[in-house]
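# Sequence plus predicted model, see below.
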Amino acid sequence: MAAGAWQVYGLGIEAMLENVIGALNDTGTPRYRMVLVTSAYTPSDNVHATWTDVSANEVAAAGGYSTHGKLLTSTVVHAAGTVTYDCDDQSWTSSTITAKYAVIVEDADANAALASTDRLVAYSDLDTGGGSVSTTSGTFAVNINASGVFTVAQV
């Protein structure tokens, strides 16, 4: 499924500008992960900052989904005055999952286990019609928009 527009957390932007969050490419440490969360989560762009704000609403580890989601292959590209952050599509095969949001989270120590202080980067509403998206013994896929997760352009 195509993910809805990605929303960058306001405190994530602040963390990037203050060099609190690591490079968004996929080399070295930190790394970034995509996790799925349920409709019990209500995003708050300028309040939520860390994994603690999301973790209680992560999809349960079962039916093809593992806790702390999947590692992303990420790129940062600069062209013609615009910097684009992009990552690979993610899918969970043979899965039984119900999720409302996909969230990109910094894995600061790159150990695949998100810590309470790991920073939130962005989230996408998987069903902009207000519901959740489900699979039953199928492939749950989050396809990143062709334009990437977000861009920053010179004015």
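All right, it came through fine.

# For the protein, which segments count as strands?
Here the chain has its strands, by DSSP state E, at 6-8, 31-37, 70-71, 74-79, 82-87, 90-99, 101-107, 120-125, 133-142, 150-153.

# could you say what helices and strands the one helix or strand in the chain whose mean pLDDT sits lowest packs with?
The least trusted helix or strand in the chain, going by mean pLDDT, DSSP states H and E, turns out to be helix 10-17, with a mean of 85. Counting contacts by 3 or more Cβ pairs under 8 Å, 6 or more residues apart in numbering; DSSP states H and E, helix 10-17 packs against strand 120-125. Any C-beta I mention is one placed from the backbone N, CA and C, and that applies to glycine too.

# Dump the strand it packs on to PDB, restricted to CA.
The C-alpha trace of strand 120-125 is given here as PDB (Å, rounded to 0.1, in the frame of the first residue of the first chain):
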ATOM      1  CA  LEU A 120      11.300   9.900  16.400                       C
ATOM      2  CA  VAL A 121      11.900  11.200  12.800                       C
ATOM      3  CA  ALA A 122       8.600  10.900  10.900                       C
ATOM      4  CA  TYR A 123       5.300   9.000  10.600                       C
ATOM      5  CA  SER A 124       2.800   8.200   8.000                       C
ATOM      6  CA  ASP A 125      -0.900   7.500   8.300                       C
END
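
# Return the residues in contact with the nearest residue to S132 once chain neighbours are set aside.
In space, and not counting its chain neighbours, S132 is closest to K100: 4.6 Å by Cβ to Cβ, 6 or more residues apart in numbering. Under the criterion of Cβ atoms under 8 Å, 6 or more residues apart in numbering, the neighbours of K100 are V37, T38, S39, Y41, D125, L126, D127, G131, S132, V133.
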